[in-house]
Structure formats: structure tokens, C-alpha cells
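Chemist: I would like the atomic coordinates for the input below:
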Amino acid sequence: MNYSIRLFKVMGIPIELHITFILFLIIIIGLSVINKNIFWAILFILLFVSVVLHELGHSYVAKKYGVKIEKILLLPIGGVAMMDKIPREGELKIGLAGPIVSFIIGISLLIISQFFDINIGGYPLIYTVGLLNLMLGSFNLIPAFPMDGGRVLRAILSKKYGYLKSTKIAANIGKSLALAMLIFGLLSMNIILILVSLFVYFGAEQESRMVEVETIFKNIRAKDIMTPNPVCVDPNMSIEEFLNFMLKHKYFGYPVVENGKLIGCIGISNIHSKEGTVRDYMEKPVIVDENTDITDILKKMVYADRVFVVDENNKLKGIISKTDILRAMNILELKEELEH
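Modeler: Next up, the predicted model:
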């Protein structure tokens with residue numbers, strides 16, 4: 001299910017609103033109407049226009065390095081440019097681009113506000129938006145993941161300490177900051193601060209873990225960890241035969257092969273009736289080739305329990321389950337430990 005609504009495109013990049021953003025906007029507008037002051041509703045909208053421009057700053061520089069930008073997604077706690085992996089040589093410039101845009105907007109609006117401003121409900125709109133942009137740029141330059149400053153810090157430190165260690169340093173700073181924000185948020189009963197602290201903590205943890213996995217699986221391909229010659233089922237097998245087959249072989253999922261080619265996959269979760277055959281319940285398999293990078297496989301396995309390795313003729317070569325990934329990770333971690 002898609003939980004976002006596409007608004008428009010800028011530089012070929014879709015700008016989308018998450019459904020929670022829309023709900024939050026409705027609440028803000030409602031409160032503005034109740035208080036008979038539309039200042040906060042207008043400020044909220046302009047703040048997220050600023051967030052879009054901030055993310056477009058990142059995206060513009062990222063595209064210069066050949067990075068594909070999927071979309072910019074707006075959430076109640078901010079925006080995120082969803083893009084492919086950032087090349088290490090461009091991380092410093094890409095990380096700085098967003099805050100620089102925010103600082104340019106902020107300084108420009110503050111200068112303008114000295115000569116002209118729009119007062120709504122007793123509040124200076126241009127001055128406030130300018131100030132918020134300076135705060136947005138400054139907050140994002142905090143040297144901790146998942147903020148831009150974390151990427152900037154990693155780019156600087158990695159020249160001396162290496163990519164993995166630099167990532168862990170920036171991630172640990174991020175998690176420490178998040179815990180401090182959480183404590184302060186709980187003491188002050190500030191829901192927004194609590195949500196931001198959770199976003200920062202899990203963002204830092206995810207970045208650290210992803211880089212660790214990428215480092216461990218460096219130069220490892222699908223063919224290196226797949227289970228070759230997996231047990232297959234025929235699409236014409238009855239459901240009763242398939243259930244008995246599962247009792248014997250004890251796996252949770254199976255490739256469905258016909259005339260030597262992979263045509264589907266099936267597991268116990270696909271079965272809803274004893275009637276019919278495997279063909280009636282099988283689903284489309286997630287496939288990769290033997291040379292697919294493990295990090296790409298991990299992205300595919302966010303939505304699938306297993307992937308199937310096939311050749312150019314769709315002939316099944318092997319299968320990779322989450323158990324295979326964990327086992328390979330444990331072995332490679334131990335191997336690295338013993339070598340050092």
C-alpha cells in the first residue's frame with residue numbers, strides 16, 4: 001500500500017507528501033482556525049517548502065555524481081531525499097549542499113525582513129521563516145547521523161580512520177544526542193522532541209549497521225552464499241501432496257520449476273485451502289543473478305523472505321534465505337576477527 005501522495009516534480013524528482021504529513025497539516029490548520037490566527041498554518045507550509053528546497057540542494061549535487069533520486073518524501077518531522085547509495089568521493093559536497101541552501105534562504109530572508117515584512121496576527125512572517133531556515137541548516141550540521149553533519153563528519157574522518165570506523169563515530173554521537181533529546185522530551189512532555197529523538201536514534205543505528213554489513217560483505221556475490229540445487233516443487237502438485245512434501249523436507253518456502261525454469265515460489269503462508277494445485281497459490285519470485293551484490297540482495301529482502309538465483313535463461317541456480325545471510329555474516333565476522 002502506498003502511504004504517500006505525489007504533488008509534482010522538480011528537476012525530474014517526484015515530491016511526495018506522506019499521509020501523516022497531511023493529517024498533521026489538517027491539525028495545524030484546525031488549530032489556526034480555532035485560535036483565529038492563520039500565521040502558524042502559513043508558517044508550517046513555508047517551513048516545508050524550505051525543507052523541499054533543502055533536500056533539492058542535496059539532490060542537485062547528488063545528480064552531478066550520477067546518483068539516482070527516487071523521490072523527496074515530506075514527513076511531519078522533516079523531509080528525506082530517497083536516493084541510491086551516495087559515492088564516498090561526493091559525500092562531503094552532497095552533505096553540505098542542503099544546509100548551504102538553508103543558510104542562503106535564511107540570510108536572504110533576514111536581510112529582506114529588515115526592509116519589508118508581512119505581519120500576520122502580530123508575528124513577522126518573513127523574519128520567522130528566515131530564522132527557521134538558519135535553524136534548519138544549523139540543526140542538520142550537527143556532526144551526528146542521520147543528520148547531514150554526520151555525513152560531513154564521516155567524509156572528513158574517513159581520510160584518517162577509514163569509512164567503517166568513521167561511520168560508527170558519527171552514529172554513536174547521533175545515538176547519544178538522541179538519548180539526551182528523549183530524556184529532555186520525556187521530562188518536558190514534548191511529543192515532537194520524543195519523535196525526533198526516536199528518528200535520530202534509529203536513523204543512526206540503521207546507517208551504522210548498513211555500512212557494517214556492506215564492509216563485511218565487500219566483494220561477496222550471490223553465488224558465494226547461495227544454497228545450490230535447492231529442493232523444487234512441480235506446479236501441478238496438489239496442495240495435499242505439497243503439504244506432505246513440506247513435512248518431509250522441512251523448509252518454509254520452495255521454488256516452483258517447470259521445464260527446468262523458475263516460474264514461481266510457494267510457502268505455507270500462501271496456502272488458504274486444500275483445493276487446487278501449487279500453480280494456483282504460487283507467487284512471483286524475487287530473482288537475482290549469480291553476480292548480484294549482497295547489499296542489493298538485502299534491499300530486495302526487505303519485502304521478501306528469500307531470493308532465487310537464476311541464469312540468463314531463468315534456470316534456477318540456487319536460493320538465498322535470511323538464514324543464509326545471517327550464517328554468512330557470522331562466518332565472515334569470525335573470519336575477520338581471526339585475521340586480526
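Chemist: drop to CA atoms for contacts and neighbour counts, all remaining ones
Modeler: Will do.
Chemist: My read is that residue 143 contacts residue 153, right?
Modeler: Yes. At 5.7 Å, residue 143 and residue 153 qualify as touching, with contact defined as C-alpha atoms under 8 Å.
Chemist: Overlap in contacts, these two.
Modeler: Shared between the contact lists of residue 143 and residue 153 (criterion: C-alpha atoms under 8 Å, 6 or more residues apart in numbering) are residues residue 170.
Chemist: The spatially most central residue of the chain: helix or strand, and which one exactly?
Modeler: What sits nearest the mean C-alpha location of the chain, by C-alpha atoms, centre = their mean, is residue 82, with 6.8 Å. In this structure, residue 82 is located in strand 78-83 according to DSSP states H and E.
Chemist: List the neighbours of that strand that are in contact with it.
Modeler: Here strand 78-83 makes contact (C-alpha under 8 Å, 6+ apart) with 48, 51-52, 55-56, 58-59, 67-74.
Chemist: Only whichever of these are buried, select them in PyMOL.
Modeler: When burial is assessed using 16 or more other C-alpha atoms under 10 Å, the buried subset of the contacts of strand 78-83 is captured in PyMOL by this command:
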select buried, resi 48+51+52+55+56+58+59+67+68+69+71+72+73+74
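Chemist: which ones are touching residue 111?
Modeler: Residue 111 makes contact with no residue under the criterion C-alpha under 8 Å, 6+ apart.
Chemist: which SS state does it fall under?
Modeler: In three-state terms, and counting by DSSP: H, G, I helix; E, B strand; the rest coil, residue 111 is helix.
Chemist: measure it to residue 326 for me?
Modeler: Distance, residue 111 to residue 326, using C-alpha to C-alpha, to the nearest Å: 56 Å.
Chemist: Can you list the residue ranges for strands in the stretch 201-340 of the chain?
Modeler: Taking DSSP state E, counting those that start in this stretch to define them, one finds strands in the stretch 201-340 of the chain at 227-228, 253-258, 261-267, 287-288, 306-310, 316-321.
Chemist: Please name whichever of these is nearest to residue 87.
Modeler: Closest approach to residue 87 among the strands of the stretch 201-340 of the chain (C-alpha to C-alpha): strand 287-288, 23.1 Å.
Chemist: Run me through the strand neighbours of the closest one, direction for each.
Modeler: strand 306-310 (parallel) (DSSP bridges).
Chemist: quick one: the strand it pairs with to strand 316-321, angle?
Modeler: 160 degrees (axes from the mean of the first three to the mean of the last three C-alpha atoms, to 10 degrees).
Chemist: For residue 5, which residues count as its bridge partners?
Modeler: residue 17.
Chemist: Kindly state the pLDDT recorded for it?
Modeler: In this prediction, residue 5 carries a pLDDT score of 72.
Chemist: Residue 17 versus that one, what's the distance?
Modeler: Computed with C-alpha to C-alpha, the distance linking residue 5 and residue 17 is 5 Å.
Chemist: So for those two, which residue has more residues nearby?
Modeler: Taking residue 5 and residue 17 together and counting by other C-alpha atoms under 10 Å, residue 17 has the greater number of neighbours (18 against 15).
Chemist: contacting residues around the more buried one?
Modeler: Contacts for residue 17 (C-alpha under 8 Å, 6+ apart) come out as 4, 5, 6, 7, 73, 74, 75.
Chemist: Residues touching stretch 133-140, excluding its own?
Modeler: 47, 50, 98-103, 105-107, 147-149.
Chemist: Tell me the one among the residues you listed nearest to residue 236.
Modeler: Set against residue 236, the nearest of the contacts of stretch 133-140 by C-alpha to C-alpha is residue 147 (52.9 Å).
Chemist: Check the closest one and give its pLDDT.
Modeler: 80.
Chemist: what do you get for residue 340?
Modeler: The predicted structure scores residue 340 at 55 on the pLDDT scale.
Chemist: now swap in residue 76 and tell me
Modeler: Here the pLDDT value assigned to residue 76 is 64.
Chemist: Same question for residue 1.
Modeler: So, for residue 1, pLDDT stands at 50.
Chemist: burial of residue 312, as a residue count?
Modeler: As a burial measure, the neighbour count of residue 312 was computed by other C-alpha under 10 Å and equals 8.
Chemist: let me redo that: residue 19
Modeler: A total of 16 residues lie near residue 19 under the criterion other C-alpha under 10 Å.
Chemist: From residue 75, how far off is it?
Modeler: Going from residue 19 to residue 75 by C-alpha to C-alpha gives 8 Å.
Chemist: Same check on residue 275?
Modeler: The spacing between residue 275 and residue 75, counted by C-alpha to C-alpha, is 45 Å.
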